[in-house]
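Student: 3D model of this:
(chains A and B)
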There are 2 protein chains.
Amino acid sequence: MKKIEVCLSPELIHLYDLKDKIVVVVDIFRATTTMVTAFANDVKSILPLSSLEECRAMSDHGYIIAGERNGQTAEGFELGNSPLSYLNGAYSEKKIAMTTTNGTLTIEKSRKGSSEILVGAFINLKSTVHYLQTQGNDILIHCAGWKGKFNLEDSLYAGALVDGLSESHDYDCDSAIATRSLYLQNKHDLTAFLQQASHAKRLQNHNIEADIDFCLTMDIYNIVVKVVDGELVKNK
Amino acid sequence: MKKIEVCLSPELIHLYDLKDKIVVVVDIFRATTTMVTAFANDVKSILPLSSLEECRAMSDHGYIIAGERNGQTAEGFELGNSPLSYLNGAYSEKKIAMTTTNGTLTIEKSRKGSSEILVGAFINLKSTVHYLQTQGNDILIHCAGWKGKFNLEDSLYAGALVDGLSESHDYDCDSAIATRSLYLQNKHDLTAFLQQASHAKRLQNHNIEADIDFCLTMDIYNIVVKVVDGELVKNK
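Tutor: Residues are numbered from 1 along each chain as shown, chains lettered A, B, ... in the order given. So this is what the prediction gives:
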């Protein structure tokens, strides 16, 4: 039986063997939710970059630049990190260069030997489950966390994905068991549970309640997003 | 209001500010359970050491040496890491030098600026709660995990301690919220829940079911154990 594991923070990823695994990167608030939304609204590609400088430089090469640090749009960037900016095909057929506080770094750290990298969010949970069930590889869910620390929202997504795969995959990894239990305990009201969380509080301070609600909505989109040659694309 | 935070692994401890905090180290299977049991059975002191070599050398200085790696007694050591070895005052008034796979390293990493280090276990949970309620410092629970990774049993203890302090302390740290939820969900049958866990399985392979049952029993002892000048002692 194929296996599923959960890594709770990029600061722990060196403890995991990524070889031949499909790594699912998650940063619910908001990088991976934004990436999935962007593809569901027909952007052409997203280039994830670690630094603001690299990202800014791409505006001279035909890219729309999206830059966020600590929950806010970085100076001089057209886009921040709100999924809502991409709705109604606002950036249809555009190439996006994107850097975020936690999400893009987590993608970068997911490469070493992995067979494939996906980005996942609650808004395309079922599609990701179905895709993974058709693949022969073991799976590692890589939570972006917040500046290296564990966070609730990414762990809840990890638990939801483990739960979705619990009949097709072994999950005897302790963090998979824990996140699944956490998700099952709180799935009936993720919003209320997350209102206690530090990062949700941080986002609330930035007046983005609409973003939070959107990020916690299940299965809006029926697409899978993956990394191909360093760029994010919609799976055909 | 005083604060309580949870660090899920020694690999994440550099992300936390330890200054003036009371750090509670937990390694349920079995280092901290064994330490508490040893003091409840009247050992004089325990010297926690990182390496087998340092520990072995202490046998020439009047110490009983206890050494464990990967769940088994290290070669040439009188004691391994079973709490049951200390029952009935078997090592009463003895000085113990101890090294374990995860627990002693976690104590070592808890020093930087902290005001005090305790070691805790389910077997003295209430005593530790009561002691912490009388102190003015913020608290950080430091889970030993397993070779750097998150583990279930230490996280469940963290959740139990957060729950015990939830009326006297703020716990808006995401890992405190998550471990408390995990504990509340599973406290009615910790043993069954933990049977899924990787480390419990590892220990079962070593035929130490009795140790596991003992490690998961609540409030057997009414003592608090702390580090003073590098040695563990019973709090007066």
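Student: For stretch A:143-155, the averaged confidence score.
Tutor: Averaging pLDDT along stretch A:143-155 gives 96.
Student: With stretch A:213-232 instead?
Tutor: 96.
Student: Which positions in it come out as buried?
Tutor: A:Phe214, A:Cys215, A:Leu216, A:Ile220, A:Tyr221, A:Ile223, A:Val224, A:Val225, A:Lys226, A:Val227, A:Leu232 (16 or more other C-beta atoms under 10 Å in any protein chain shown). No exception for glycine: its C-beta is placed from N, CA and C like everyone else's.
Student: who's in contact with it?
Tutor: A:28-30, A:33, A:35-37, A:39-40, A:45-48, A:83-84, A:107, A:116-128, A:131, A:153, A:190-191, A:194, A:233-235 (C-beta atoms under 8 Å, 6 or more residues apart in numbering or on different chains).
Student: Let me know the secondary structure of A:Ser175.
Tutor: Here A:Ser175 is helix, with the state taken from DSSP: H, G, I helix; E, B strand; the rest coil.
Student: Then A:Thr37?
Tutor: helix.
Student: Remind me which helix or strand the residue nearest to A:Arg111 when sequence neighbours are not counted belongs to.
Tutor: Computed as C-beta to C-beta, 6 or more residues apart in numbering or on different chains, the closest residue to A:Arg111 that is not its neighbour in sequence is A:Ile117, at 7.1 Å. Per DSSP states H and E, A:Ile117 falls inside strand A:116-120.
Student: just A:Leu190 next, same as before
Tutor: Per DSSP H and E: helix A:190-194 holds A:Leu190.
Student: For that helix, list every residue counted as buried.
Tutor: Neighbour-count burial for helix A:190-194 [16+ other C-beta under 10 Å]: A:Leu190, A:Phe193, A:Leu194.
Student: least trustworthy helix or strand in chain A by mean pLDDT?
Tutor: Least confident element among the helices and strands of chain A, by mean pLDDT, DSSP states H and E: helix A:198-205 (a mean of 66).
Student: Which SSE is immediately downstream of the host helix or strand of A:Ile65?
Tutor: Counting by DSSP H and E, the element that carries A:Ile65 is strand A:63-69. Using DSSP H and E, the helix or strand that follows strand A:63-69 towards the C-terminus is strand A:72-73.
Student: re earlier: can you tell me which of the buried residues of helix A:190-194 is nearest chain B?
Tutor: A:Phe193 (7.5 Å; C-beta to the nearest C-beta).
Student: And that closest one, how close does it get to A:Leu156?
Tutor: 8 Å (C-beta to C-beta, to the nearest Å).
Student: returning to that earlier point: parallel or antiparallel, list what pairs with the strand holding A:Ile117.
Tutor: Strand A:116-120 pairs in its sheet with strand A:22-26 (parallel), strand A:225-228 (antiparallel), by DSSP bridges.
Student: These: which one's closest to A:Cys173?
Tutor: Evaluated with C-beta to C-beta, the strands paired with strand A:116-120 place strand A:22-26 nearest to A:Cys173, the distance being 13.8 Å.
Student: Could you list the buried residues of the closest one?
Tutor: In strand A:22-26, residues buried by neighbour count (16+ other C-beta under 10 Å) are A:Ile22, A:Val23, A:Val24, A:Val25, A:Val26.
Student: can you tell me the helix or strand for A:Phe29?
Tutor: Using DSSP H and E, no helix or strand contains A:Phe29.
Student: which helices and strands does the helix holding A:Leu190 pack with?
Tutor: Judged by 3 or more C-beta pairs under 8 Å, 6 or more residues apart in numbering or on different chains; DSSP states H and E, the packing partners of helix A:190-194 are helix A:152-164, helix A:209-215.
Student: starting at the chain centroid, how far to it?
Tutor: Distance of helix A:190-194 from the chain centroid (C-alpha atoms, centre = their mean, to the nearest Å) equals 18 Å.
Student: any idea of the mean pLDDT in it?
Tutor: pLDDT averaged over helix A:190-194 gives 90.
Student: For that helix, give me every contacting residue.
Tutor: By C-beta under 8 Å, 6+ apart, helix A:190-194 touches A:Leu152, A:Glu153, A:Leu156, A:Asn186, A:Ala200, A:Ile212, A:Asp213, A:Leu216, B:Ser181.
Student: Got a quick ChimeraX command for the buried subset of the residues you listed?
Tutor: Applying 16+ other C-beta under 10 Å to the contacts of helix A:190-194 leaves a buried subset, and the ChimeraX line that selects it is:
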select /A:152,153,156,186,200,212,216 /B:181
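Student: which one of the contacts of helix A:190-194 is nearest A:Leu12?
Tutor: Set against A:Leu12, the nearest of these by C-beta to C-beta is A:Leu152 (16.5 Å).
Student: what about the most far-flung residue of chain A relative to its centre, distance to A:Ala97?
Tutor: Computed with C-alpha atoms, centre = their mean, the residue of chain A farthest from its C-alpha average is A:Asp60, at 26.9 Å. To A:Ala97, A:Asp60 is 11 Å away according to C-beta to C-beta.
Student: Up against chain B, what does chain A have?
Tutor: A:8-9, A:11-12, A:15, A:146-152, A:155, A:172-175, A:177-178, A:181-182, A:184-186, A:193, A:196-199, A:201 (C-beta under 8 Å from any C-beta of the partner chain).
Student: Give me the buried subset of those residues.
Tutor: A:8-9, A:11-12, A:146, A:148-152, A:155, A:173-175, A:177-178, A:181-182, A:185-186, A:193, A:196-199.
Student: before we move on, the earlier item: and the residue nearest to A:Arg111, how many neighbours?
Tutor: A:Ile117: 25 surrounding residues under other C-beta atoms under 10 Å in any protein chain shown.
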